[in-house]
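Participant: Here you go, sequence then predicted model.
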Amino acid sequence: MNRSLLSVEDFSLSYGAVPALHQVSIRIARGESLVIVGESGSGKSSLGLAVMRLLPRTARMTTGTIRFLASDGTSHELTTTDATILQRLRGKEIGMIFQEPMTSLNPVYRIGDQITEAIRFHEALPRTAARDRAVALLAHLGIAEPERRMAAFPHELSGGLRQRVVIAIALVCNPSLLIADEPTTALDVTVQAQILDLLKRLRGERGMALLFVTHHLGVAREIADRILVLYAGRAVEEGPAAAVIAHPLHPYTRALLQSVPRLGMNKDEMTLPAIGGAVPDPAQVPHGCAFAPRCPSFRSGLCDAAPPPVTTFGENRSVRCFRAAELAA
Amino acid sequence: MLDYLAGRFAQLLIVLFGVSVVVFIAMHLLPGDVATLLLGDRATAASLARLRHQLGLDQPVIVQYWRFLSGALSGDFGTSLRDNRPAFGEVLQAFPVTLELTLSALLLAVAIGVPLGVAAALNEGTWIDTAITTPTLFGVSMPVFWLGLMVLLVFSEKLGWLPVGGLMPIGVHMARPTGLSILDAVLSGRSGLVWQALRHLLLPAATLATIPLALITRITRGEMLSSMNLDHVRTARAKGLPESRVIRAHILRNALIPIVTVIGLQLGLLLSGAVLTETIFSLPGLGRLMVDAILARDYPVVQAGAVFVATVFVLVNLGVDLCYAVLDPRIRRQ
Ligand SMILES: Nc1ncnc2c1ncn2[C@@H]1O[C@H](COP(=O)(O)OP(=O)(O)O)[C@@H](O)[C@H]1O
Ligand SMILES: [Mg+2]
């Protein structure tokens, strides 16, 4: 029986007719952290949003299942479960941090109210107790004068503070899984490092599982137990973080590693100097290996003939590349 | 905040000054004068001249304006040239009728328009959306005059359900301490009068409500749709809030900011645009008073009315701005 906290199996997704995710599978055990790495446009956010069932209406799931194990032991298929169950899981058992701290908060409410709102709907907690919990959490997240901040409106806070508030909202009901979609991308370097440290610490304290999305292998290295590399909506490599970083198996992972940006570079600065080119237009992914046109190890007649199968290495590493064994040698 | 109010007050003074000048000039450019209108075609030149002198109409325009201005500054707008009653008193007497009509129309428009707009947005692209949006296309360009006559014809003439016009049935008398006929009817303690007041108000209010109803529906739908796609709505759903809460507290609440502006603008427009409706339904409101005064070249009443309407207009805008500050914390500081 599958006792993973979260297991996404064979999941495919399209926006209209344009595919965004292609048969992606991920598993996260309780307390484990999985980092999804990939360039912008590879489908990372779509995957995170699919778990929360927060995809835009244009998104169509075409294959697969997403199962989540709730704290009461019941298992839920998130793509089909009914709305009331979903509402019970969202915010309570699965928290999500979004990429854009500037727009993720509602400009018309005080942040204290935005944090306690989730508690009000999930727990029968008196108002003052909910408030106390929010204040304590803000203090714990390193916010000075949390009492006073509770009364602030989002526009009165800096980006770093807002992102801490977004984190507080995601954590306030103690979820067993936290999904973080590039939570530091929009922030400046020092704040990025602070937020990352914060998430690491919280995970340690709470035993919370983490599905962390980033385009940044440097960030992944900081926080991952396991890494999954996504390219054009396909999982191209997966394995324990240390192993993937020390011995990448897929040419794409290798290219990513060679171009690991320093922490704090912004997206535009990040290119793949080792290979060049860009993620293919999702409507025109090549027939063979999606990475073939940019791959330094490309072999004609092999890589462009058919999609590469999954090859497993050892117990817990897998890669989608025809030449992986040969290149690893 | 005090700075802001002081600024708004200065703005009010400028607007009032501008309005008085424009109205003054416009009235003097109109052909015909009150003396001829009062004395009739067969008046002698001498009697006309005497009357003009009495009314001060033989003075240069600039002098007349100065007299008006100094009077107005001390609260004296002169007396009506038609019946010698204080001009401002006539305006104050007519205003409650217009106010009641306007507020009822706006209330109808908001009470129906906002829910319709929300329903259309939540059902975007379905037949419900189409069924709501299509009529609003006609609604926004509805000729009020024609519509008023049509509803009169149908509901009063043909069906006989509702009265043809006026505030009360002919022969019914009621004390009018406030001038607002529903409120006066309630104060009179006679439930029959309340019923009559409502019956008399229904058709004119519904007629006047048509355009703002269509506009408010469309604006609400549009603002709901754009507010739905904002990032913070996703955050709200991610919290696990029930959908009804997401819609009310995180979509509609934010959409209200622009909706309130439109409502405020409509209030201003309705106050000045009630003329046609008042004429069709024979309501003794400000619009009718102004039209009659203009036709009679009754300058003092026209001036007093224009200054009054402009003041109300500016105050309504001020009220809308204050609502803004309540609804949107981002502008509270400025
Ligand atoms: N709302 C949407 N409508 C249409 N296409 C979308 C939408 N959101 C994302 N996509 C497309 O899906 C692909 C994956 O996007 P996304 O999941 O945002 O990737 P990432 O988070 O890795 O940058 C991209 O090609 C993107 O253009
Ligand atoms: Mg993204």
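Facilitator: Arrived safely. Ligands and ions are numbered 1, 2, ... in the order given.
Participant: Does residue 237 lie in a helix or a strand, and which?
Facilitator: Using chain A. In this structure, A:Glu237 sits in strand A:234-240 according to DSSP states H and E.
Participant: To clarify, I was referring to chain B.
Facilitator: helix B:231-238.
Participant: near chain A at all, the helix or strand following that helix?
Facilitator: Using DSSP H and E, the helix or strand that directly follows helix B:231-238 along the chain is helix B:243-245. Yes: using CB under 8 Å from any CB of the partner chain, we find that helix B:243-245 touches chain A at B:Glu243, B:Arg245. In this view, the C-beta of every residue, glycine as well, is placed from N, C-alpha and C.
Participant: check contacts around whichever residue of the stretch 151-300 of chain B sits closest to chain A.
Facilitator: Using CB to the nearest CB, the single residue of the stretch 151-300 of chain B nearest to chain A is B:Gly240, 3.3 Å away. Residues in contact with B:Gly240 (CB atoms under 8 Å, 6 or more residues apart in numbering or on different chains) are A:Leu86, A:Gln87, A:Arg88, A:Leu89, A:Arg90, A:Gly91, A:Lys92, A:Ala118, A:Phe121, A:His122.
Participant: just checking: which of those also lie near chain B?
Facilitator: Okay, of those touching chain B (CB under 8 Å from any CB), that's A:Leu86, A:Gln87, A:Arg88, A:Leu89, A:Arg90, A:Gly91, A:Lys92, A:Ala118, A:Phe121, A:His122.
Participant: Relative to ligand 1, which of those is nearest.
Facilitator: Ligand 1 lies nearest to A:Arg90 out of those, by CB to the nearest ligand atom, at 19.0 Å.
Participant: and the closest residue to the closest one other than its chain neighbours, what are its phi and psi?
Facilitator: Nearest non-adjacent residue to A:Arg90, counting by CB to CB, 6 or more residues apart in numbering or on different chains: B:Gly240, 3.7 Å away. Note on B:Gly240: its backbone torsions stand at phi 90, psi 20 [degrees, to the nearest 10].
Participant: How much space separates B:Gly240 from A:Leu210?
Facilitator: 19 Å (CB to CB, to the nearest Å).
Participant: With pLDDT and neighbour count added, can I get the contacts of B:Gly240 in TSV?
Facilitator: Putting the contacts of B:Gly240 into TSV (pLDDT from 0 to 100; neighbours: other CB atoms under 10 Å in any protein chain shown) gives the following:
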residue	pLDDT	neighbour count
A:Leu86	94	20
A:Gln87	94	20
A:Arg88	93	16
A:Leu89	95	23
A:Arg90	95	26
A:Gly91	93	27
A:Lys92	94	22
A:Ala118	92	28
A:Phe121	92	18
A:His122	93	21
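Participant: so which two of those are the farthest from each other?
Facilitator: A:Leu86 and A:Ala118 (14.3 Å; CB to CB).
Participant: what about stretch A:288-298, start to end distance?
Facilitator: From its first residue to its last, stretch A:288-298 covers 11 Å (CA to CA, to the nearest Å).
Participant: What residues of that stretch count as buried?
Facilitator: Within stretch A:288-298, the residues scored as buried using 16 or more other CB atoms under 10 Å in any protein chain shown are A:Gly288, A:Cys289, A:Ala290, A:Phe291, A:Ala292, A:Pro293, A:Arg294, A:Cys295, A:Ser297, A:Phe298.
Participant: Please apply the same query to stretch A:246-256.
Facilitator: Of all the residues in stretch A:246-256, those buried under the rule 16+ other CB under 10 Å are A:Pro248, A:Leu249, A:His250, A:Pro251, A:Tyr252, A:Thr253, A:Arg254, A:Ala255, A:Leu256.
Participant: mind listing what the residue of the stretch 1-150 of chain B found nearest ligand 1 touches?
Facilitator: Evaluated by CB to the nearest ligand atom, the stretch 1-150 of chain B has B:Glu124 as its residue closest to ligand 1, separated by 15.7 Å. Contacts for B:Glu124 were tallied using CB under 8 Å, 6+ apart; they are B:Leu225.
Participant: which one's the longest helix in chain B?
Facilitator: Longest helix in chain B, counting residues (DSSP state H): helix B:191-228.
Participant: Please name every helix or strand in contact with it.
Facilitator: Applying 3 or more CB pairs under 8 Å, 6 or more residues apart in numbering or on different chains; DSSP states H and E, one finds that helix B:191-228 contacts helix B:87-122, helix B:127-140, helix B:144-151, helix B:181-188, helix B:253-280.
Participant: Alpha carbons of the second one, as PDB, please.
Facilitator: Output in PDB follows, covering the C-alpha atoms of helix B:127-140 (Å, rounded to 0.1, in the frame of the first residue of the first chain):
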ATOM      1  CA  TRP B 127     -26.700  31.700 -20.900                       C
ATOM      2  CA  ILE B 128     -27.200  33.300 -17.500                       C
ATOM      3  CA  ASP B 129     -24.400  35.800 -18.300                       C
ATOM      4  CA  THR B 130     -26.000  36.500 -21.700                       C
ATOM      5  CA  ALA B 131     -29.500  36.900 -20.200                       C
ATOM      6  CA  ILE B 132     -28.200  39.500 -17.800                       C
ATOM      7  CA  THR B 133     -25.700  41.300 -20.100                       C
ATOM      8  CA  THR B 134     -27.800  41.700 -23.200                       C
ATOM      9  CA  PRO B 135     -30.600  43.800 -21.700                       C
ATOM     10  CA  THR B 136     -28.000  46.100 -20.100                       C
ATOM     11  CA  LEU B 137     -26.800  47.000 -23.600                       C
ATOM     12  CA  PHE B 138     -30.200  48.500 -24.300                       C
ATOM     13  CA  GLY B 139     -30.400  49.800 -20.800                       C
ATOM     14  CA  VAL B 140     -27.400  52.100 -21.000                       C
END
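Participant: and it with helix B:191-228, angle?
Facilitator: 120 degrees (axes from the mean of the first three to the mean of the last three CA atoms, to 10 degrees).
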